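Asks: here is the input, now give the coordinates:
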Amino acid sequence: LSMGKNIMQSRHDEYHKLTRGERIGYGMGDFAQNLVFGTIGGFLALHMLTVNTISTATAGFIFLFVRIINVFWDPMVGTFVDKRTSNAGKYRPWLLRAGVPLVILSALLFAPIPGVRGSVPFAFIIYLALDLVYSLVNIPYGSLNASLTRDPESIDKLTSTRMMLANSANLLVYTLFPMFVQMASPKDRSLKDTGFFGIELNLGNYTDPSANYAWFGVYSIYMLIGAVALFICYKFTKERVVATAEQTANVKTTDLFLELKHNRPLVILGLFFMLAFTFMFFMNTVNGFFNQYVVGHSEWMGAVGLVASIPGIAFPIFWPRLKKIFGKKGFFHLFLAMFIVGELLTYIWSREGMHDVLWLAYIATFIKQWGLTSATGFMWALVPEVIAYGELKSGKRNAAIINAIMGLFFKIGFTIGGAIPLWLLAVYGFNETGARQSASAIEGIIMTAVWIPIALAIISMIIIQVYPISDKNVTDINRQLDEIRV
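Replies: Numbering: from 1, shown residues only. The predicted structure is shown next:
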């Protein structure tokens with residue numbers, strides 16, 4: 001009787017309805033990682049090429065080589081994490097164990113250390129170490145998502161909350177970070193219209209090597225905030241859906257290949273992740289180049305970024321309802337189509353005679369980011385059901401291994417989206433030291449910022465169409481897992 005009571009209590013705990021505080025606590029992990037790694041993804045390339053004076057092609061190869069190493073590293077991390085546990089949990093402790101080194105290494109990438117400016121070995125070693133440590137944070141954090149609850153409604157609400165916080169961090173990254181750095185940059189300072197309703201600020205040139213202390217100072221503050229957010233995430237989360245001792249003992253590295261072979265939803269979702277992050281980072285990598293050299297309004301990045309952040313902060317609360325109205329596939333098709341419309345408006349902004357039309361920049365960016373943040377944000381809600389499907393098929397709850405696989409797809413997209421744009425810019429003749437760029441280089445920036453992301457978004461719509469798990473399937477999977485555990 002006592003054992004049966006414990007089983008029922010365990011089942012009840014696994015379907016725990018997450019409180020708002022718990023959802024915010026977990027979402028602070030997304031806030032921290034976007035603050036730390038989002039700034040790396042959005043601005044490291046620009047910093048490397050202009051402030052650190054590393055060549056375009058070399059920077060591209062640094063990004064590529066590090067990602068190749070990740071192909072072997074991430075599965076090892078997933079297996080290592082899944083095979084171990086502690087009194088603090090299986091996944092939570094890594095937020096602190098790896099979180100502190102993550103913050104320090106991130107700051108070193110922008111550190112104005114005498115004698116290492118332009119040093120390819122230094123940039124490569126620090127970036128490689130950062131990326132390896134990031135896996136030790138991101139994979140356990142993603143696994144923690146599936147360990148908080150199995151309640152589908154709570155998972156949808158959790159996804160909305162975490163994406164609101166993630167996009168709040170994006171506001172600090174893509175809107176305010178470049179403006180703060182320009183405010184602290186010493187060269188070519190002048191009073192410029194920021195696009196914030198006529199507000200003018202004294203801004204300097206942040207793409208000059210003299211801005212190295214400005215970059216480091218602003219980024220260091222961001223890192224301190226990120227460290228606090230990771231601690232909050234650790235403090236306010238609890239693991240409830242966990243692998244049994246037997247499942248933990250039976251984890252093997254080869255489980256990765258078994259999941260890829262037998263878990264079809266995982267492969268389809270992984271491909272969608274890869275394509276989504278590819279076109280996202282295509283845009284992020286060249287965003288600074290687009291504003292600086294195509295439209296010539298780097299001072300607007302803060303204002304345009306603020307408008308871009310609104311959909312990701314204000315609208316995720318409506319995602320669960322929109323999913324019920326349009327269904328999973330309809331949800332993704334709707335917002336990917338919206339992203340494409342926003343990109344087409346961005347192309348119009350890039351045309352001669354349209355560069356100074358601020359309202360067009362606002363509308364194009366708002367629509368584009370509404371589509372992008374919704375499509376790439378809500379896809380995380382599908383990961384727990386893919387883990388449950390894998391557990392049903394294999395009898396093993398390989399949450400960290402599956403998150404390592406998802407992380408692998410993510411990093412392939414991050415690599416393609418980070419390296420290929422730089423190579424394309426090199427092919428199109430981008431001049432790292434030039435204040436102005438050739439017509440060919442401008443064409444290359446537009447190609448990577450607009451047309452390639454549109455093509456990849458269309459392919460993503462096709463991929464998500466064949467995703468096989470419906471909401472009814474999720475209910476059936478949970479019911480079967482309950483029967484097996486009882």
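Asks: how about stretch 60-71, which residues are buried there?
Replies: Taking 16 or more other Cβ atoms under 10 Å as the neighbour-count basis, stretch 60-71 is seen to contain the buried residues 60, 62-64, 66-67, 70. In this view, the C-beta of every residue, glycine as well, is placed from N, C-alpha and C.
Asks: that should have said stretch 146-157, apologies.
Replies: If you call a residue buried by 16+ other Cβ under 10 Å, then stretch 146-157 has these buried ones: 146-152, 154-157.
Asks: hang on, the earlier thing: turn the buried residues of stretch 60-71 into JSON lines, including distance to residue 281 and pLDDT.
Replies: What follows is the buried residues of stretch 60-71, written out as JSON lines (distance: Cβ to Cβ, whole Å; pLDDT from 0 to 100):
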{"residue": "60", "distance to residue 281": "13", "pLDDT": "80"}
{"residue": "62", "distance to residue 281": "15", "pLDDT": "86"}
{"residue": "63", "distance to residue 281": "10", "pLDDT": "81"}
{"residue": "64", "distance to residue 281": "13", "pLDDT": "81"}
{"residue": "66", "distance to residue 281": "14", "pLDDT": "85"}
{"residue": "67", "distance to residue 281": "11", "pLDDT": "77"}
{"residue": "70", "distance to residue 281": "14", "pLDDT": "79"}
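Asks: determine which two of those residues are furthest apart.
Replies: With distances taken as Cβ to Cβ, the most widely separated pair in these is 60 and 70, at 16.0 Å.
Asks: which residue is the nearest non-sequential neighbour of residue 285?
Replies: With sequence-adjacent residues excluded and distances taken as Cβ to Cβ, 6 or more residues apart in numbering, residue 285 is closest to residue 421, at 4.6 Å.
Asks: what's around that neighbour, how many residues?
Replies: Residue 421: 27 surrounding residues under other Cβ atoms under 10 Å.
Asks: residue 37 too?
Replies: Counted with other Cβ under 10 Å, residue 37 comes out at 22.
Asks: ok, now which ones touch the closest residue in space to it that isn't next to it in sequence?
Replies: The shortest distance from residue 37 to any residue that is not its chain neighbour, by Cβ to Cβ, 6+ apart, is 6.1 Å, and that residue is residue 134. For residue 134, the contacting residues are 37, 98, 102, by Cβ atoms under 8 Å, 6 or more residues apart in numbering.
Asks: tell me which of the residues you listed is nearest to residue 467?
Replies: residue 37 (26.5 Å).
Asks: pretty sure that closest one sits against residue 106.
Replies: Yes - with contact defined as Cβ atoms under 8 Å, residue 37 reaches residue 106; the gap is 7.5 Å.
Asks: which ones among the contacts of residue 134 are found in helices?
Replies: Helix and strand membership here follows DSSP state H; of these, those in helices are residue 102.
Asks: please tabulate the contacts of residue 134 in a markdown table, including the columns distance to residue 50.
Replies: What follows is the contacts of residue 134, written out as a markdown table (distance: Cβ to Cβ, whole Å):
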| residue | distance to residue 50 |
| --- | --- |
| 37 | 21 |
| 98 | 30 |
| 102 | 25 |
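Asks: I'd like the contacts of residue 134 written out as a markdown table, with pLDDT and distance to residue 369 added.
Replies: Shown next, in a markdown table, are these (pLDDT from 0 to 100; distance: Cβ to Cβ, whole Å):
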| residue | pLDDT | distance to residue 369 |
| --- | --- | --- |
| 37 | 79 | 19 |
| 98 | 93 | 30 |
| 102 | 92 | 26 |
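Asks: of the contacts of residue 134, which is the nearest to residue 341?
Replies: Closest approach to residue 341 among these (Cβ to Cβ): residue 37, at 28.5 Å.
Asks: what sits against the closest one?
Replies: 106, 134, 138.
Asks: is residue 397 in a helix, a strand, or coil?
Replies: Assigned with DSSP: H, G, I helix; E, B strand; the rest coil, residue 397 falls in the coil class.
Asks: ok, it touching residue 384?
Replies: No - look at residue 397 against residue 384 with Cβ under 8 Å: they stay out of range, at 11.0 Å.
Asks: list residues touching both of the two?
Replies: The contact lists of residue 397 and residue 384 share no entry, where a contact means Cβ under 8 Å, 6+ apart.
Asks: pull out the buried positions in the helix of greatest length in the chain.
Replies: Longest helix of the chain, by residue count under DSSP H: helix 319-350. Of the residues in helix 319-350, those scored as buried under the neighbour-count criterion (16+ other Cβ under 10 Å) are 319-320, 322-323, 328, 331-333, 335-336, 338-340, 342-343, 345-346, 349-350.
Asks: put the alpha carbons of the helix or strand that comes right after that helix into CSV.
Replies: Scanning forward in sequence from helix 319-350 by DSSP states H and E, the next helix or strand is helix 358-378. Coordinates of each C-alpha in helix 358-378 appear next as CSV, following Å, rounded to 0.1, in the frame of the first residue of the first chain:
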residue,chain,number,x,y,z
LEU,A,358,12.8,55.3,-40.3
TRP,A,359,9.1,54.2,-40.3
LEU,A,360,9.9,51.6,-42.9
ALA,A,361,12.8,50.3,-40.8
TYR,A,362,10.4,50.1,-37.8
ILE,A,363,7.7,48.2,-39.7
ALA,A,364,10.0,45.8,-41.5
THR,A,365,11.9,44.9,-38.3
PHE,A,366,8.7,44.6,-36.2
ILE,A,367,7.1,42.1,-38.6
LYS,A,368,10.3,40.2,-39.2
GLN,A,369,11.1,39.8,-35.5
TRP,A,370,7.5,38.9,-34.6
GLY,A,371,7.7,36.0,-37.0
LEU,A,372,11.2,35.0,-36.1
THR,A,373,10.8,35.1,-32.3
SER,A,374,7.5,33.2,-32.4
ALA,A,375,8.7,30.4,-34.8
THR,A,376,12.2,30.0,-33.1
GLY,A,377,10.8,30.4,-29.6
PHE,A,378,7.9,28.1,-29.6
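Asks: what mean pLDDT would you report for helix 358-378?
Replies: Along helix 358-378, the predicted local confidence has a mean pLDDT of 92.
Asks: which SSE is immediately downstream of that helix?
Replies: Next along the chain from helix 358-378, counting by DSSP H and E, comes helix 383-394.
Asks: between that next one and helix 319-350, how big is the angle?
Replies: Using axes from the mean of the first three to the mean of the last three Cα atoms, to 10 degrees, the inter-axis angle of helix 383-394 relative to helix 319-350 is 120 degrees.
Asks: off-centre distance for helix 383-394?
Replies: Computed by Cα atoms, centre = their mean, to the nearest Å, the chain-centroid distance of helix 383-394 equals 23 Å.
Asks: residues contacting that helix, please?
Replies: Contact partners of helix 383-394, identified using Cβ under 8 Å, 6+ apart, comprise 142, 145-146, 150, 152, 155, 255, 258-259, 262-263, 265-266, 269, 396-399, 402-403, 406, 469, 473-474, 477-478, 480-481, 484.
Asks: buried residues in it?
Replies: Neighbour-count burial for helix 383-394, with 16+ other Cβ under 10 Å as criterion, is recorded at 383-394.
Asks: filter the contacts of helix 383-394 down to the buried ones and express that as a PyMOL selection.
Replies: Typed into PyMOL, the next command selects the buried ones out of the contacts of helix 383-394 (criterion: 16+ other Cβ under 10 Å):
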select buried, resi 142+145+146+150+152+155+255+258+259+263+265+266+269+396+397+398+399+402+403+406+469+474+477+478+481
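Asks: for this protein, which spans come out with low pLDDT?
Replies: Counting by pLDDT under 70, the ranges of the chain that qualify are 1-12, 197, 248, 485-486.
Asks: give me that answer again for 50
Replies: Per-residue confidence for the chain (pLDDT under 50) gives these ranges: 1-10, 12.
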